[in-house]
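Trainee: What follows is a predicted protein model with its sequence.
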Amino acid sequence: MAGRKLPLPERVEIGDITVRDGLQPLEHYYPVEMKVRLAEDLIEAGFKDLEVTNFGHPKFLPQFKDVEQVLDGIFRSERIGDRLAQHGGDVQIHVVTINERAVDRAIAYKQDRGFGPDYLLQMVSTDEAHHRVNAGMSLDDYFEMSGRCIQKTHEAGMKMCGTVSTIFGSPMRGTRVTPLERAVEFSRRYLELGADYIEQADHDGSADPQRVYEYFSMIFDPEVMGQWADPKYHLVHFHTSRGMGLANYLAALQAGATRFETTISAQGGQPANAVDGNYIGGTGGYYHESHLLSGLVSTEDFVVMCESMGIETGIDIPKLLDLGRRFVTDFLDITPEDRATLIGNVSSFTGIATDRLATLGDDASGIEALKEEAAAFVLQKSDEQPERVQRTVSMSLDSLAAYLRTRRWGYARSESIVAGPPPSPYLADLVQPRETADAGA
């Protein structure tokens, strides 16, 4: 006797974007070698689509000041270079190019090197306030610019992804509820401009399973989307801020989605406002009280969930889980050297001696007094508004105290790297036998 099963696809495509989105909210600069090695490990685990960097202005996004070096390292890699589509393989490299200048930089990179990204990415938000913060222009002006960018991208032999964001709500102050129908309209508009596919994005974890199913039921309806109703034109990119990430992806699967993006250990989110204790501004104030708890759905957990339900992913689970465990140590743990750099930079900014700052991890009871002292120091040599200085100082010292206490740049948010694969019939060869437990409750 067999019960009914969920309506699910036989296979899905999962792109990993840890090297770009996963690292960008972490307030630490990772050297080129680490980023390239992470990309290599992901490709060796079976991923065919990787988003690896951003051609945004390094003044505001110093995490990506090494964009050309990272791409050089990946395309010239002895480990995986021959697997890239640019070199005759089947792995495609994606980069973010929010504005036209970024698109021009990506095109120039490819023309100069003879190789380059396979896909560029631009983005609109259904909430105009959110869009203006990200893009610095109106929606109509941005769509007009995107039309030009799509044309020049295609002429350069690359493809363009058009992202539609704030589908399920906006993190901006004011009216936060956004109509699903507006996102459907924007998806059609982008595809009609020539975008090769749409990244359907929930960038701050506003979605819930009911609305996810409702939305994709419209997106995959030929009467609504016409020729663009085919799931190949739509990629699911959801962040998880309220514990609903996997449930939202399951709802999308049931609605017919077959393309997804994820990050190792559920990292990702809004770009950092500080790097190693140096305030940089980033994209403005953080949307959430803890911006480190708004990453994408965990790559490890989503791959394991899919495979446990009989959905093929093409990913080597043991390699992926090993990679996930190493990621926590290599990318999230704060080394003694990084700790010293962090304290030193905060000391230079606040005027507070390093030995006093170093105690915040054990005892933060005097942090408010330190904030007043630091604000007075900064105001002596700055013409910034006092309120702005106080916010920056507060963020700097609160972040330092948290880093010293947790000893990590971010939270490890994958359960599968701890528990391993579940005892599913589809994963029977991966489940480790256990000794019989003693009888009891």
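Mentor: Looks like it arrived, so ask away.

Trainee: Strands along this structure, start to end?
Mentor: 13-16, 49-54, 92-96, 119-125, 159-165, 197-202, 234-238, 259-262, 274-275, 278-279 (DSSP state E).

Trainee: So for residue 34, which of those strands sits nearest?
Mentor: strand 49-54 (12.3 Å; C-beta to C-beta). C-beta coordinates here come from the backbone N, C-alpha and C atoms, glycine included.

Trainee: Not counting the closest one itself, show me its contacts.
Mentor: 13-17, 19-21, 24, 35, 39, 42-43, 61, 63-64, 66-67, 70-71, 74, 91-98, 102, 121, 261 (C-beta atoms under 8 Å, 6 or more residues apart in numbering).

Trainee: May I have the lowest-mean-pLDDT helix or strand in the chain as PDB, with CA atoms only?
Mentor: Using mean pLDDT, DSSP states H and E, helix 128-135 stands out as the lowest-scoring helix or strand of the chain, at a mean of 84. C-alpha atoms of helix 128-135 as PDB (Å, rounded to 0.1, in the frame of the first residue of the first chain):
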ATOM      1  CA  GLU A 128      10.100  52.300  -5.800                       C
ATOM      2  CA  ALA A 129      11.700  53.500  -2.600                       C
ATOM      3  CA  HIS A 130      13.700  50.300  -2.300                       C
ATOM      4  CA  HIS A 131      14.600  50.500  -6.000                       C
ATOM      5  CA  ARG A 132      15.900  54.100  -5.700                       C
ATOM      6  CA  VAL A 133      18.200  53.100  -2.800                       C
ATOM      7  CA  ASN A 134      19.700  50.300  -4.800                       C
ATOM      8  CA  ALA A 135      19.800  51.800  -8.200                       C
END
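
Trainee: Could you dump the strands of the chain into a markdown table and include mean pLDDT and distance to residue 342?
Mentor: Formatted as a markdown table, those follow (pLDDT from 0 to 100; distance: least, C-beta to C-beta, whole Å):
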| stretch | mean pLDDT | distance to residue 342 |
| --- | --- | --- |
| strand 13-16 | 98 | 28 |
| strand 49-54 | 98 | 23 |
| strand 92-96 | 98 | 27 |
| strand 119-125 | 97 | 31 |
| strand 159-165 | 98 | 31 |
| strand 197-202 | 98 | 31 |
| strand 234-238 | 98 | 31 |
| strand 259-262 | 98 | 29 |
| strand 274-275 | 94 | 10 |
| strand 278-279 | 92 | 9 |
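
Trainee: Let me have those in a markdown table, extended by mean neighbour count and distance to residue 228.
Mentor: Below are the strands of the chain laid out as a markdown table (neighbours: other C-beta atoms under 10 Å; distance: least, C-beta to C-beta, whole Å):
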| stretch | mean neighbour count | distance to residue 228 |
| --- | --- | --- |
| strand 13-16 | 23 | 18 |
| strand 49-54 | 25 | 20 |
| strand 92-96 | 24 | 20 |
| strand 119-125 | 24 | 16 |
| strand 159-165 | 23 | 11 |
| strand 197-202 | 25 | 8 |
| strand 234-238 | 25 | 8 |
| strand 259-262 | 25 | 14 |
| strand 274-275 | 20 | 39 |
| strand 278-279 | 17 | 43 |
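
Trainee: what domains does the record give for the chain?
Mentor: 13-332, 336-406 (automatic domain parsing).

Trainee: first vs last residue of the first one, how far apart are they?
Mentor: Spelled out, it's domain 13-332. 27 Å (C-alpha to C-alpha, to the nearest Å).

Trainee: Equivalent analysis for the last one, please.
Mentor: Across domain 336-406, the straight-line distance between its terminal residues is 13 Å, by C-alpha to C-alpha.

Trainee: now stretch 109-127
Mentor: Start-to-end span of stretch 109-127 (C-alpha to C-alpha) is 32 Å.

Trainee: same check, this time on stretch 350-362
Mentor: 19 Å.

Trainee: quick one: the helices in the stretch 101-250 of the chain?
Mentor: Assigned by DSSP state H, counting those that start in this stretch, the stretch 101-250 of the chain shows helices spanning 128-135, 139-155, 180-193, 209-219, 222-225, 245-255.
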